[in-house]
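Chemist: Sequence first, predicted coordinates after that:
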Amino acid sequence: MSQISSEWIQLENGPRAWYARPGTAGPHPAIVVFIEAFGVNQHFQDVAERLARAGFCAIVPDLYHGKTYEYSDFDRAIGHLKTLDDELAMAEAGLAIQALHQRSEVRKDAIGALGFCMGGRLTFMANAIHADRLSAAVAFYGAGIAPDLDPVGRKPLLHLVHQMRAPLLLLYGAEDQSITPEEHGRIASALSTAHKRYTLTVFPDAPHGFFADPRDSFRPEAAQEGWRLTLDHFTHYLGASA
């Protein structure tokens, strides 16, 4: 599906969002995309457009309210991350879901969430907070879900597991120095104990950020397989475009 359209839209009583959709009328399943710590940059606009080419509407709420950071500007990006309020982020995610519900090309019963790094954590959270409106979730290297001690001071999220309904796909790199195997175990144990449907996959030679092609951490093979698993997950649980 090559013909797509994309643009900035304004969320009602909230921030802007980057929105991409397939070229056909639909209705299409849709994905809320949660950003890394660097803002809604060109990479995340590209991610939304890749989803659109695969048959999904995609919306990327601008949780940084217009701010973006170069990947080399790590300190300022993390400084902004530290100011992000979980409650506000979930409220703005709710506004993005509301915007999808208002669009005729979107299937209201087939909305998922996808996030990377900071956004992977927010996807995990949204799968609980917005459990009644999400039908699938995928988190790439979600940092801060169940750490021993989060370096930026975020609260762990395992207490939310019992609220989750949507099947969850978790993707990690074995060379990720910020998310340990012990954290993988804590997440898996909590999800299994709560009888939740999930899959946790670890790519052997991949570091943190392996999906983002503008970053030095990019690993093409892991990124390609992770994307395939992501599309398979969403297609299975959300269905295909009309």
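Modeler: Received the coordinates, thanks.

Chemist: So what touches the longest helix along the chain?
Modeler: In the chain, taking DSSP state H as the definition, the longest helix is helix 220-238. Helix 220-238 is contacted from outside by 29, 31, 50, 54, 56, 107, 110-112, 114, 135-136, 138, 140, 166-167, 169, 171, 173, 199, 201, 203, 205-206, 210-211, 213, using CB atoms under 8 Å, 6 or more residues apart in numbering. C-beta here means a position set from N, CA and C on the backbone, and glycine is covered the same way.

Chemist: try stretch 115-125
Modeler: For stretch 115-125, contacts defined as CB under 8 Å, 6+ apart pick out 33-37, 63, 81, 84, 86, 89-90, 93, 113-114, 126, 137-145, 154, 157, 160, 168, 170, 208-209, 211-212.

Chemist: could you give the mean pLDDT of the longest helix of the chain?
Modeler: Mean per-residue pLDDT for helix 220-238: 98.

Chemist: Quick check: which ranges of this structure have low pLDDT?
Modeler: For the chain, the stretches with pLDDT under 70 are 1-2, 242.

Chemist: now with 80?
Modeler: Scanning the chain for pLDDT under 80 picks out the ranges 1-2, 241-242.

Chemist: can you pull out the helices in it?
Modeler: So, for the chain - with DSSP H - the helices run 42-53, 74-83, 86-101, 118-129, 181-193, 220-238.

Chemist: Of all residues in the chain, which one is nearest the centre?
Modeler: Centroid-nearest residue in the chain, with CA atoms, centre = their mean: Gly115, separated by 1.5 Å.

Chemist: Tell me how far that residue lies from His65.
Modeler: Distance, Gly115 to His65, using CB to CB, to the nearest Å: 18 Å.

Chemist: Glu183 now?
Modeler: From Glu183 over to His65 (counting by CB to CB), the distance is 30 Å.

Chemist: Settle it for me: which of the two has more neighbours?
Modeler: Using other CB atoms under 10 Å, the more surrounded residue of Glu183 and His65 is Glu183, with 20 against 13.

Chemist: Quick check: chain neighbours aside, which residue is closest to the more buried one?
Modeler: With CB to CB, 6 or more residues apart in numbering as the criterion, Glu183 has its nearest non-adjacent residue at 5.2 Å, and that residue is Ala146.

Chemist: Likewise for Leu157?
Modeler: Distance criterion CB to CB, 6+ apart; nearest residue to Leu157, sequence neighbours excluded, is Ile145 at 5.2 Å.

Chemist: isn't Asp132 right next to Arg165, touching?
Modeler: Yes: when contacts are counted by CB atoms under 8 Å, Asp132 is listed as touching Arg165 (7.5 Å).

Chemist: Neighbour count for those two, which is higher?
Modeler: Per other CB under 10 Å, whichever of Asp132 and Arg165 has more neighbours is Arg165, with 16 against 8.

Chemist: Now do the strand of greatest length in the chain and helix 220-238, the angle between them.
Modeler: The longest strand of the chain (DSSP state E) is strand 106-116. Orientation check (axes from the mean of the first three to the mean of the last three CA atoms, to 10 degrees): strand 106-116 against helix 220-238 gives 150 degrees.
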